[in-house]
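>>> Would you be able to build a 3D model of this:
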Amino acid sequence: MPSVAVVGGGPAGLMAAEVLARAGLAVTIFDRMSSIGRKFLLAGRGGLNITHSEEMPHFLERYAGTNPLLRVAIESFPPAATRAWCNELGQDTFIGSSGRVFPASFKSSPLLRAWLRQLGDLGVQLKLRHRWVGWDDAGALELETPEGLVTVKSDACILALGGASWPRLGADGSWVEPLSAQGIAIAPLRPANCGFLVPWSDLFGNRFAGQPLKGIALSFGGQTVRGEGMITQRGIEGGAIYALSSALRDAIITDGAATLQISLRPDLAAAELQRRLDAPRGKQSLATFLRKTVALSPVAIGLLNELNAVKLTALDAHALASLIQSLPLRLTGAFPIDRAISTAGGIAFAEIDDQFMLRRRPGVFVAGEMLDWEAPTGGYLLQACLATGASAARGVLQWLEARKAH
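Numbers count the residues shown, from 1 in each chain. All right, here's what the predicted structure looks like:
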């Protein structure tokens, strides 16, 4: 019976292990942490978004600019397959109001427990606290363990070591060095779905850190998204920010900064907004007037004051309405990669064949965030990890079969 080593116990690695074990291969998963799926569990802390219900053409647009091989992998293991897989594990799914797909339990832990139980039933072995560091001269995997360095020889290997976000959960990007030493081209790892630095005043940062900007619209580079932002001590993050993070990050890399336009009341037409602001204020403070007349929250009013060089009381209704509808926010940098939800960059697709095997290391396949792609939150990240894990496993099966035939 052929043996396969899967290095990395995240979604891509676990899916690869399942496909291989179902085909009758002896599979061992090696992971550097003391437990499996830590980032997977964190992703489900506020509700596990497993995939999305969009029609496939729109779904694939979320991976714009990515190598076609990724899209082929997703088409081979689409969102419908992910939902069917969840159901087989006894975890029914439902579609939320935003089109996102969740397990019925809304949590990641029941799904992970069921998955690991199934892998155990299929004979998959788990080796924890095994950190991959490269290969020895004979081509065997080298792994650091609490007992020292060990080597593992297998008929094939799948590397699914994740990106470099949330390194305390296991994905620290340490695989870049041993792969680069093999001459494998790797695009620099960069934060994706991340927050951004803003040089707030101490007064604003201290007062409003942790407060959400709700019901806003953000615009940058010809794209507008609706959602929420969250003020932090050093900047801003949140779902609407993440949706634009790729373009914002790249603009900052090129230009040193990026200016985001915020509409604080996108549902209110400009004429209606100005009409309300033209109403007599009486003895009310401007903050009270804005709160009562146009329903601005204290943090939104604070943001107006923070970003406007002129006192708001000096503005007429037209100027104030324009500011509320399009408030410029200058971003000076992305949050560090260890605070990002996901990672951009990774192994260039030119380095792998159409079976996800490294051209420079026959018998070694790669999957998940190690590859050079990115996608927004909303189920797209997890879907691509599952799909590439399944594709890499199918690649292993085909490669082993071809070797056997020869």
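>>> Buried residues of the helix-or-strand element of the chain with minimal mean pLDDT, list them for me.
Using mean pLDDT, DSSP states H and E, helix 38-43 stands out as the lowest-scoring helix or strand of the chain, at a mean of 79. By 16 or more other Cβ atoms under 10 Å, the buried positions in helix 38-43 come out as 38-41, 43. Every C-beta, even on glycine, is put in place using the N, C-alpha and C of the backbone.
>>> From the contact counts, what lies against the very next helix or strand once past that helix?
Next helix or strand after helix 38-43 toward the C-terminus (DSSP states H and E): strand 51-52. Contacts defined by 3 or more Cβ pairs under 8 Å, 6 or more residues apart in numbering; DSSP states H and E place strand 51-52 against helix 79-88, strand 100-103, helix 380-405.
>>> Adjacent strands (with direction) for whichever helix or strand comes after the first one?
For helix 79-88, the following helix or strand on the C-terminal side (DSSP H and E) is strand 93-95. With DSSP bridges as the criterion, the sheet partners recorded for strand 93-95 are strand 100-103 (antiparallel).
>>> Can you get me a residue count around residue 316?
Using other Cβ atoms under 10 Å, residue 316 is surrounded by 10 other residues.
>>> Quick check: pLDDT value at it.
On pLDDT, residue 316 comes in at 89.
>>> any idea how far it is from residue 25?
73 Å (Cβ to Cβ, to the nearest Å).
>>> Report the contact partners of the spatially closest residue to residue 195 that is not a sequence neighbour.
Once flanking residues are discounted, residue 195 sits nearest to residue 237: 2.8 Å by Cβ to Cβ, 6 or more residues apart in numbering. Neighbour list for residue 237: 194-196, 229-230, 335 [criterion: Cβ atoms under 8 Å, 6 or more residues apart in numbering].
>>> run the last query once more with 10 Å
By Cβ atoms under 10 Å, 6 or more residues apart in numbering, the residues touching residue 237 are 193-196, 228-231, 245, 335, 339-341.
>>> Roughly how far does it sit from residue 273?
From residue 237 to residue 273 the distance is 27 Å (Cβ to Cβ).
>>> Please apply the same query to residue 320.
For residue 320 relative to residue 273 (Cβ to Cβ), the value is 9 Å.
>>> Find residues that contact each of these two.
residue 294.
>>> Residue 387: what's it in contact with?
Counting by Cβ under 10 Å, 6+ apart, residue 387 has contacts 11-12, 15, 51, 70-79, 81-82, 367-368.
>>> Cross-reference these with the strands and report the matches.
Counting by DSSP state E, the part of the contacts of residue 387 found in strands is residue 51.
>>> and the contacts of residue 387, which are buried?
11-12, 15, 51, 70-71, 73-74, 77-79, 81-82, 367-368.
>>> Work out which residue lies at the spatial centre of the chain.
By Cα atoms, centre = their mean, the mean C-alpha position of the chain lies nearest to residue 342, the distance being 3.5 Å.
>>> wait, what's in contact with that residue?
39, 43, 162-166, 171, 191-194, 242, 245, 369, 373-377, 380-382, 384-385.
>>> one more time with 7 Å, if that's ok
Residues in contact with residue 342 (Cβ atoms under 7 Å, 6 or more residues apart in numbering) are 163, 165, 192-193, 369, 374, 381.
>>> Out of those, which one has the lowest pLDDT?
Minimum pLDDT across those falls on residue 165, with 86.
>>> Pretty sure that one sits in a strand.
No. Assigned with DSSP: H, G, I helix; E, B strand; the rest coil, residue 165 falls outside any strand and is coil.
>>> That one reaches residue 336, doesn't it?
No. Using Cβ atoms under 7 Å, residue 165 makes no contact with residue 336, being 9.4 Å away.
>>> what do the two both touch?
The contact sets of residue 165 and residue 336 overlap at residue 191 (Cβ under 7 Å, 6+ apart).
>>> of these two, who's got more company?
Set residue 165 next to residue 336 and count neighbours by other Cβ under 10 Å: residue 165 wins out with 25 against 12.
>>> Once you drop chain neighbours, what's closest to the more buried one?
residue 340 is the one closest to residue 165 (Cβ to Cβ, 6+ apart), at 4.3 Å.
>>> Throw the helices and strands packed on strand 51-52 into CSV and include distance to residue 215, thanks.
Output for those, formatted as CSV (distance: least, Cβ to Cβ, whole Å):
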stretch, distance to residue 215
helix 79-88, 28
strand 100-103, 19
helix 380-405, 24
